[in-house]
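[1] let's see this in three dimensions:
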Amino acid sequence: MTATVQKWGNSQGIRLPKVFLEGLNIHEGNEVEIFTQNDSIVIKSAAPQYKSIQALFAGYEGEYTPEEIDWGEPAGNEVW
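    Next comes the predicted model:
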């Protein structure tokens, strides 16, 4: 299969066939890694980037005071 490189904004791009993406379980919005290897461009699913709570709040300078939130009366079949 061949594809044509086309202008896409200030960049250039190619369209990837849906069957290719489905076979690799890649969907719209997923992150992928793109790199060159020898004379090829390689595209693969990016590993999920999980961060610890410490990493998420590293460098946070504000104060945090935990407080109780009133969610109101039950509205369905909740068990309280």
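[2] mind listing what residue 21 touches?
    The contact partners of residue 21, taken as C-beta atoms under 8 Å, 6 or more residues apart in numbering, are residue 27. Where you see a C-beta, it was placed from the backbone N, CA and C, and this is true even at glycine.
[3] can you pull out the helices in the chain?
    18-23, 53-56 (DSSP state H).
[4] buried deepest among those helices, which one?
    Counting by mean count of other C-beta atoms under 10 Å, helix 18-23 has the highest mean neighbour count of the helices of the chain, with a mean of 10.
[5] follow-up on the earlier one: export the helices of the chain to JSON lines and tack on mean pLDDT?
    Shown next, in JSON lines, are those (pLDDT from 0 to 100):
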{"stretch": "helix 18-23", "mean pLDDT": "91"}
{"stretch": "helix 53-56", "mean pLDDT": "87"}
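[6] in JSON lines: the ones you listed, plus distance to residue 74.
    JSON lines is the format used below for the helices of the chain (distance: least, C-beta to C-beta, whole Å):
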{"stretch": "helix 18-23", "distance to residue 74": "42"}
{"stretch": "helix 53-56", "distance to residue 74": "30"}
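[7] so which of these gets nearest residue 42?
    Within those, the stretch nearest residue 42 is helix 18-23; the backing value is 13.2 Å (C-beta to C-beta).
[8] out of the helices of the chain, which gets nearest to residue 46?
    Closest to residue 46 of the helices of the chain is helix 18-23 (C-beta to C-beta; 13.9 Å).
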